[in-house]
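*Asks:* Provided below for reference: sequence and predicted model.
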Amino acid sequence: MKNRMSKLVAVIAMSAMVMGTLAGCGSTEEVTETAVEQETTEAAPTPAEEAVVEEAPAEEAVADLSGSISMAGSTSMEKLATALSEVFMAKYPGITVTAEFTGSSAGIESLAAGSVDIGNSSRSLKDSEKEAGAVENIVAIDGIAVVVDPENTVAGLSKDQLVGIYKGEIKNWSEVGGTDAPIVVVGREAGSGTRGAFEELLEVEDLCVYANELDSTGAVMAKVASTPGAIGYVSLDVVDETVVAVALDEVAPTEENIKAGSYFLSRPFVMATQGEVSAQSEAVQELFNFLASEEGKELIKSVGLITVD
C-alpha cells in the first residue's frame, strides 16, 4: 500500500512538471511572436521614408559625380563663366571646371577641334559652325551698352547717328549735339563676339572705322574711361561709374527694356556643345541642369545678365 501511494505521488509530480514545461514553452513562443510583430511594425518605413530611400541612390549618384569640364571663348562671358565655375565646383567637389577667354570665334574653333567641352560665344552661332556640329545652347541674354567718357555731355544717340559714328561719317561730337571735340572710336578685335554682335545688329559688318581695336571688354572700358571724346561698346553687366552708358533711340540700356524688346542692342550668351547636351558627359549635362534650375537662374541674374525664360 505504501509503495503504491509513493508511485502515485511520483506520477502526479512528474505530470505537473511536464505540464509546467509545456506551459512555459507556450508562453515563450507567445512572447517571441509578440516581439517579432513589434519589431516588424517599428521597422516598417512610412511612405515619406520610402520616397527618401528610393531617391537616395539618384542623389548620391549626382553627389558622387566626378570628372572635368573645359570651356573656352567669349571674354564678355568671363564674369558668368567664372562665377558658374566657382559655384558648380563647390556644389560638386568631384568635378573640375576650367575656363579660358579667347574670344567667341576661337572658342567655337576649339570646340570643333575637340579640345574643349563647351565653346562660349557672345553671339549667335554661324550657319557654318552649326553645320560643323556645334549646337547653340542659349543660357542668358546680354545687352550691349554704348559707353562714353564721364565728361561727355551727349546722353543719347539715334541708331543712325551711332551707325554714322562707327562708319567714320560723323567725326565730331558737335555733330550729334555735343561739344566741339573729335570722336575717338573704340571697338573690339576681329573675331570678338561683342564686335560681331554689335556690327551685325547695326548692319555695319566690315564698314567700321576704329581708332582702337582692343582684345577684351576690360580694355575697352579702361580706354573709354580715360580718353576724352571716346566711345565704345561693352556688355551691359560690366558697366560701372567709370563710364556713361548712353540711351539709344531714347531707350536706356536696362534689363526691363531689353526684355521688352525696345532696346535694340542685345544678344544671346551661348554655351555651345559639339552635339546635343544629352550626348555630353554626365558632368556637362549636370552643368546645364544646374543653369536651368532656380539656383542657376539666380546666379545668372547676380552677374547682371537676363535669364532666358
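*Replies:* Yep, that arrived.

*Asks:* hey, where'd the strands end up in the protein?
*Replies:* 67-73, 95-101, 118-121, 134-135, 138-148, 156-157, 184-188, 212-214, 230-235, 244-245, 247-248, 266-274 (DSSP state E).

*Asks:* Pick the most deeply packed of those strands.
*Replies:* strand 118-121 (a mean of 30; mean count of other Cβ atoms under 10 Å). Where C-beta positions appear, they are placed from N, C-alpha and C, glycine not excepted.

*Asks:* which residues touch residue 155?
*Replies:* 244, 246-247 (Cβ atoms under 8 Å, 6 or more residues apart in numbering).

*Asks:* Let me know how buried residue 220 is, in neighbour terms.
*Replies:* Using other Cβ atoms under 10 Å, the number of residues around residue 220 comes to 28.

*Asks:* What separation is there between it and residue 234?
*Replies:* Taking Cβ to Cβ, to the nearest Å as the criterion, residue 220 is separated from residue 234 by 5 Å.

*Asks:* what do you get for residue 67?
*Replies:* 34 Å.

*Asks:* Not counting sequence-adjacent ones, nearest residue to residue 78?
*Replies:* Spatial nearest neighbour of residue 78, excluding adjacent residues (Cβ to Cβ, 6 or more residues apart in numbering): residue 101 at 4.9 Å.

*Asks:* Looking at the contacts of residue 155, which one is closest to residue 166?
*Replies:* residue 246 (13.4 Å; Cβ to Cβ).

*Asks:* these two touch, right, that closest one and residue 147?
*Replies:* Yes - using Cβ atoms under 8 Å, residue 246 makes contact with residue 147 at a distance of 7.3 Å.

*Asks:* Which neighbours do the two have in common?
*Replies:* Taking Cβ under 8 Å, 6+ apart as the contact rule, residue 246 and residue 147 have no neighbour in common.

*Asks:* residue ranges of the helices in the stretch 201-309 of the chain, please?
*Replies:* Assigned by DSSP state H, counting those that start in this stretch, the helices in the stretch 201-309 of the chain fall at 217-226, 255-260, 282-292, 294-302.

*Asks:* Can you lay out those as CSV showing distance to residue 193 and mean pLDDT?
*Replies:* As requested, the helices of the stretch 201-309 of the chain are arranged in CSV below (distance: least, Cβ to Cβ, whole Å; pLDDT from 0 to 100):
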stretch, distance to residue 193, mean pLDDT
helix 217-226, 10, 96
helix 255-260, 17, 88
helix 282-292, 18, 98
helix 294-302, 17, 95
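
*Asks:* got the contact list for residue 95?
*Replies:* Contacts here follow Cβ under 8 Å, 6+ apart; on that basis residue 95 touches 65-69, 88-89, 283, 286.

*Asks:* and stretch 123-135, how far apart are its ends?
*Replies:* For stretch 123-135, the first-to-last residue distance is 13 Å (Cα to Cα, to the nearest Å).
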